[in-house]
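Trainee: Need coordinates for the below:
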Amino acid sequence: LAVAIGILFAIAIAHSRLMERVLLALLVALNSVPKVAVAPLLIIWVGTGIWAKIWMAMVIALFAIVVDMVLGLRSVDPDLIDLARSLGGKPRKILYKIRFPNALPSLFAGMKVAVSLALVGAIVGEFVASGRGLGFVIITAQSTFDTTRIFAAILILSALGVLLFAMIDALEGLLIPWHVSRRAVAQ
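Mentor: Predicted coordinates for the structure are as follows:
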């Protein structure tokens with residue numbers, strides 16, 4: 001969800017100064033607010049079920065995706081864009097054929113950061129209102145001073161983070177094997 005929304009926001013920000021001022025300011029403001037303070041609002045709006053956790057994870061992960069994707073969209077060599085325009089390339093085609101492929105390495109970098117943040121968001125959602133999940137396990141273990149259960153939950157979270165990071169890294173290797181960062185891994 002953060003990747004899909006983040007890509008759309010990044011395209012809007014990269015192509016419009018007005019959207020940059022509005023959306024980026026809104027995202028910076030949202031990112032500056034402690035997520036524990038936002039969690040009660042999400043629970044009021046979407047309830048205590050899975051959607052509260054999903055939205056919390058998305059809100060935390062969104063900023064990293066947008067910032068990195070905007071950087072990638074804007075990092076295209078201007079001469080390449082000028083060449084595409086001089087050959088009759090329409091803005092939409094330039095976006096899909098030049099800007100988006102150029103932004104993929106930045107997007108994957110943002111996704112690698114965002115996956116850890118999304119885990120934090122899900123746990124925050126479970127801390128605030130949940131009857132199950134690792135966040136709930138940590139909160140209930142804390143109330144009984146059960147250090148072993150807390151460490152077990154933290155270990156599972158760490159393993160999950162490493163697994164998700166590795167999955168994104170593998171997907172990056174499949175989708176952009178041509179990028180210089182991937183060639184360095186292959187050697």
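Trainee: pLDDT weak spots in the chain?
Mentor: Along the chain, the parts satisfying pLDDT under 70 run over 182-187.
Trainee: Run through the helices of it in chain order.
Mentor: Using DSSP state H, the helices of the chain run over 2-15, 17-19, 25-32, 35-46, 50-74, 78-86, 91-94, 100-128, 134-143, 147-175, 180-186.
Trainee: Can I get these in JSON lines including mean neighbour count?
Mentor: Backbone N, C-alpha and C define where each C-beta goes, glycine included. Shown next, in JSON lines, are the helices of the chain (neighbours: other Cβ atoms under 10 Å):
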{"stretch": "helix 2-15", "mean neighbour count": "19"}
{"stretch": "helix 17-19", "mean neighbour count": "11"}
{"stretch": "helix 25-32", "mean neighbour count": "12"}
{"stretch": "helix 35-46", "mean neighbour count": "15"}
{"stretch": "helix 50-74", "mean neighbour count": "22"}
{"stretch": "helix 78-86", "mean neighbour count": "12"}
{"stretch": "helix 91-94", "mean neighbour count": "12"}
{"stretch": "helix 100-128", "mean neighbour count": "21"}
{"stretch": "helix 134-143", "mean neighbour count": "16"}
{"stretch": "helix 147-175", "mean neighbour count": "14"}
{"stretch": "helix 180-186", "mean neighbour count": "10"}
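Trainee: what residues are up against residue 123?
Mentor: Contacts for residue 123 (Cβ atoms under 8 Å, 6 or more residues apart in numbering) come out as 133, 134, 135, 138, 157.
Trainee: Those into TSV, with extra columns for distance to residue 17?
Mentor: Formatted as TSV, these follow (distance: Cβ to Cβ, whole Å):
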residue	distance to residue 17
133	42
134	42
135	40
138	44
157	40
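Trainee: Just give me the closest of those residues to residue 101.
Mentor: Checking those against residue 101 by Cβ to Cβ gives residue 157 as the nearest, at 33.8 Å.
Trainee: didn't that closest one look like it was pressed against residue 118?
Mentor: No - with contact defined as Cβ atoms under 8 Å, residue 157 does not reach residue 118; the gap is 11.7 Å.
Trainee: ok, of the contacts of residue 123, which one's closest to residue 51?
Mentor: Nearest to residue 51 out of those is residue 133 (Cβ to Cβ; 13.4 Å).
Trainee: That closest one is in contact with residue 52, isn't it?
Mentor: No - using Cβ under 8 Å, residue 133 is not in contact with residue 52, being 10.9 Å away.
Trainee: Many thanks, have a good one.
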